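Asks: mind looking at a prediction? Sequence and model below.
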Amino acid sequence: MTAAKLDALVVRATVRIGPDDEPGTLWGSGFFVAPGWVLTCRHILPLRDAPESIGSLRVQGHDGLDVRARPAYWLGGGTDPEQDLVLIRLTETVPHACVRLTDRYDPPLSVAAYGWRTPAGGVPQRWSGQTECNGKDGGYGLTLAPLVEIPHGASGGPLLDRERGLVAGVVKARRAQKDGGLAVAATALRGFRRAVPVGEERGLGDDPYAALIRAHDTWHRRATGATSWVKAQSVAGARGWGPRDSADASALLAGLPEPRSSAELQGLIERVLGDEPLWEEEVAPRDWRDGHGWLYDHPEGADLVALHYLRAVAQVCGTRAPDAVAELEEWVERRAEDLPGHLRALLMGVAAGAPAPWRSTDADAGAGVRTDDRPMNHAADDADDADQVDDSDGPVVAVELEPDLFRPHDRFHWRIWTWTGGPETVRAEDEGSDGEGASLADLPSILSEPLARTFRRLDSGRRARLELAVPVEQFGVDAHLWRPGPVVRSLRPHPAERPFGVHRQVVVRCLKRRGEPMAVWRERWRAVAEGEPKALPVPSDAYAGQALDSAPPGAVPVLCRPPAESTGPLSRAVAGGYGVILWNLHAEHAHGCDTRCAELHDRTAELLSSAGRATALPERLRALRERVSQADPDADWAEHLALLYDDPRRPIPHCDDLLESP
């Protein structure tokens, strides 16, 4: 983002407003939000009564702009910040720049205010100043820190969010007998759905807000050259959901019919986020564009979530505007081609109207845990060296269960390790202090508090993955059914109180693989992480030897028998360097394999093929587990599916040294 370029664009879009018959008189400032439309504060107009009493006024600005205008819509007047807004309409068509309005609901931090002022005895001149937004005043008021003095005449000018490059509000005034100033949040514009037209004004139809914001978004998609706000925002080489994506998506949404109701829109957003936001009246979404503004809290996967949102909106509007919907869907398909293969497959494999297999940040997630379960952008997507862990792998919490020497099948000693990056970031978090160890039955309760504390520290943009490191003989432990706490908080448990396997990735590791990885382990890992993994059915112990020894590096063993019946094949697979293995935890084989085994092998083959790379499997399995929890019959086959995901790039360290407190 070029700050100087954005500053110049804001200046070009900021105007001064005064009486028609006195061009040198300054009432206040305003700014263009759409072609022919200026937003300002109502209080700058010297009203005797309603805005009709003003009649014609004059708008002046950059490059000799000097044009007549008239008040067009206002919010009825009052002392609250949101009631102090008015739209002014030019009476003739002239070229001009427009600011780009934020669609976010959260307030900015670092801001710049723009406007005009009249020095004592002088002519009007431009003014700007930088400060901070340090609080809220009511539903829409933004308080400004006293880092700059807002002069008389600047009221009505734009307030720029300097970090995001978007206009986040309207400068209102200095705060009488208080420090700093006051601005009106851009979300107050949503009140123009109920705007009062001035006189015979009907230019924005029955819903002035929707019409205005559609004109605004359409202009920004078409603007090119020096007046392109989006171009000034964009950073060369930036990835993810950028300003051009946002502008194009907003303009395409502008071509769709309005939501039938706020409830319809809010329900759709909840399904896409996989969360239930607290819809406060001030920030509740009113239009499709507002819904898009709720998706930015997915910094690791905003493009994935936004594209799913656009598909969901298209489905809702399909029969009402088929041509506009077709254009939107075509754009989504083209944009999805920029995603890594496994993420593109995940996106297009989710029904547009179905709950998404990822979650947004949850501010109240049980023990301080976040509910962000978006697919990870794994290192295999971009890394040139498979042994280098990319930060996009995300944080990992590993629970190590070491059998007690005297009761190896009954009691276990536990340790918790974490990684936030490569192997050098390994950290010992906690360990059990009971010299006799703990039983498997007691471990979920015992580990609840230390895991909650560890997740609380590591969960940020998404949930940390839980890896359970156990001997092969304990591969039947169902850690994905453990819960964040032993007791739920109400009869309607919070989403974060569901089993771990539903809301975070849960995989198994082999405890024997400590320290420096073997060469064969590294080789097989590269093959499944960089190429397309292939399912290798292992239906019985007798078949395992030949199958596992002769399989190519990209093979992924799939066992239809539970670990208690397949300890031999699992041990052989681990010894053979396989880092990714799938098996059924609870299959009965009293009379050998049956049709359920055949389905398991067929479905896992499809899963591996659609995943593209094995690094996508932890998230794909989590999404399947979530579908099982939602009673999706098409996911039932995966209810007891377990995954060995033993990454040699982050091996379990030796524990000869004493653990250090974090």
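Replies: Arrived safely. Numbers count the residues shown, from 1 in each chain.
Asks: against T224, how distant is L278?
Replies: 40 Å (CB to CB, to the nearest Å). (C-beta placed from N, C-alpha, C; glycine too.)
Asks: what's the answer for F192, then?
Replies: 28 Å.
Asks: where do the helices sit along the stretch 301-450 of the chain?
Replies: 302-317, 322-336, 341-349, 443-458 (DSSP state H, counting those that start in this stretch).
Asks: if you average pLDDT over each of those helices, which is lowest?
Replies: Least confident of those, judged by mean pLDDT, is helix 341-349 with a mean of 73.
Asks: and the angle for it with helix 322-336?
Replies: Angle of helix 341-349 versus helix 322-336, following axes from the mean of the first three to the mean of the last three CA atoms, to 10 degrees, is 160 degrees.
Asks: who's in contact with helix 341-349?
Replies: Helix 341-349 has contacts (CB atoms under 8 Å, 6 or more residues apart in numbering) with 301, 304, 307-308, 311, 336-337, 339, 357, 375, 377, 610-613, 615-616, 619-620, 623.
Asks: next, the buried residues of that helix.
Replies: By 16 or more other CB atoms under 10 Å, the buried positions in helix 341-349 come out as H342, L343, R344, A345, L346, L347, M348.
Asks: output the residues you listed as a markdown table; include the columns distance to G432.
Replies: Below are the buried residues of helix 341-349 laid out as a markdown table (distance: CB to CB, whole Å):
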| residue | distance to G432 |
| --- | --- |
| H342 | 37 |
| L343 | 38 |
| R344 | 43 |
| A345 | 41 |
| L346 | 37 |
| L347 | 42 |
| M348 | 45 |
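Asks: next one: stretch 315-327 to chain centre, how far?
Replies: 25 Å (CA atoms, centre = their mean, to the nearest Å).
Asks: tell me which of the helices of the stretch 301-450 of the chain is the most buried.
Replies: helix 302-317 (a mean of 23; mean count of other CB atoms under 10 Å).
Asks: what is that helix packed up against?
Replies: helix 243-254, helix 262-273, helix 288-292, helix 322-336, helix 341-349 (3 or more CB pairs under 8 Å, 6 or more residues apart in numbering; DSSP states H and E).
Asks: of all these, which one is nearest V184?
Replies: helix 288-292 (16.8 Å; CB to CB).
Asks: for that closest one, packing partners?
Replies: Using 3+ CB pairs under 8 Å, 6+ apart: helix 288-292 touches helix 243-254, helix 262-273, helix 302-317.
Asks: helix or strand with the lowest mean pLDDT in this structure?
Replies: Lowest by mean pLDDT, DSSP states H and E among the helices and strands of the chain is helix 341-349, with a mean of 73.
Asks: with distance to V10 as extra columns, can I get the helices and strands packed on helix 288-292 in CSV?
Replies: CSV is the format used below for these (distance: least, CB to CB, whole Å):
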stretch, distance to V10
helix 243-254, 15
helix 262-273, 30
helix 302-317, 25
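Asks: which phi and psi does R190 have?
Replies: phi -60, psi -20 (degrees, to the nearest 10).
Asks: what's the local residue count around it?
Replies: Neighbour count of R190, defined by other CB atoms under 10 Å: 23.
Asks: isn't it right up against R289?
Replies: No: using CB atoms under 8 Å, R190 makes no contact with R289, being 10.2 Å away.
Asks: what mean pLDDT does stretch 90-108 have?
Replies: For stretch 90-108, mean pLDDT rounds to 92.
Asks: from P395, how far off is the nearest residue to P648 once chain neighbours are set aside?
Replies: Leaving aside its sequence neighbours, P648 sits nearest to P517 (CB to CB, 6 or more residues apart in numbering; 3.5 Å). Distance from P517 to P395, counting by CB to CB: 20 Å.
Asks: low-confidence ranges, the stretch 51-200 of the chain, go.
Replies: 175-179 (pLDDT under 70).
Asks: quick one: the strands in it?
Replies: 57-60, 66-74, 85-90, 110-117, 125-137, 141-144, 158-161, 166-174, 181-185, 196-197 (DSSP state E, counting those that start in this stretch).
Asks: for the second one, packing partners?
Replies: For strand 66-74, the helices and strands in contact under the criterion 3+ CB pairs under 8 Å, 6+ apart are strand 57-60, strand 85-90, strand 196-197.
Asks: tell me what angle that strand forms with strand 85-90.
Replies: 140 degrees.
Asks: tell me the strands beside strand 66-74, with direction?
Replies: Here strand 66-74 has these sheet partners by DSSP bridges: strand 57-60 (antiparallel), strand 85-90 (antiparallel), strand 196-197 (antiparallel).
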